[in-house]
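J.: Sequence and predicted structure, then a few things I'm wondering about:
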Amino acid sequence: MRTYKVFIAFVLLVSSISFAQQKQKLDSLLAIYATQVEDSVKVGTAHALYNAYLESEPKKALSYSQKALEMAQKLDYKPGIAKSYQ
């Protein structure tokens, strides 16, 4: 029984650490995205935000994919256009 409790505590600890790291990554991406000029790098950051939000907030993820597509089309950045459709 004690082993079971230790295992559950371990799983909860790992989950909370993972969540905190994901939140920190998301905050960093948002800060970078807000300061970037519209270029291929910002398209890539929008794709990274799409991936970060995909499971937790799909509507927000979709909005970043659409923003990436609009920027890529405006820049005629074909790899960014293609990635936006994936």
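T.: Looks like it came in fine.
J.: Nearest the geometric middle of this structure, what residue?
T.: Ala52 (2.1 Å; C-alpha atoms, centre = their mean).
J.: how far away is that residue from Asp27?
T.: Using C-beta to C-beta, to the nearest Å, Ala52 is found at 10 Å from Asp27. To be clear about C-beta, it is placed using only N, CA and C from the backbone, and glycine gets the same treatment.
J.: which stretches of this structure aren't confidently modelled?
T.: Where the chain drops to pLDDT under 70, the residues are 1-21.
J.: mind listing what's buried in stretch 38-55?
T.: Lys42, Val43, Gly44, Thr45, Ala46, His47, Ala48, Leu49, Tyr50, Ala52, Tyr53 (16 or more other C-beta atoms under 10 Å).
J.: Excluding chain neighbours, what is closest to the last one?
T.: Distance criterion C-beta to C-beta, 6 or more residues apart in numbering; nearest residue to Tyr53, sequence neighbours excluded, is Ala61 at 3.8 Å.
J.: same question, the first one
T.: Nearest non-adjacent residue to Lys42, counting by C-beta to C-beta, 6+ apart: Gln36, 4.1 Å away.
J.: I figured that neighbour was touching Thr45, is that so?
T.: Yes - between Gln36 and Thr45 there is a contact at 6.2 Å, judged by C-beta atoms under 8 Å.
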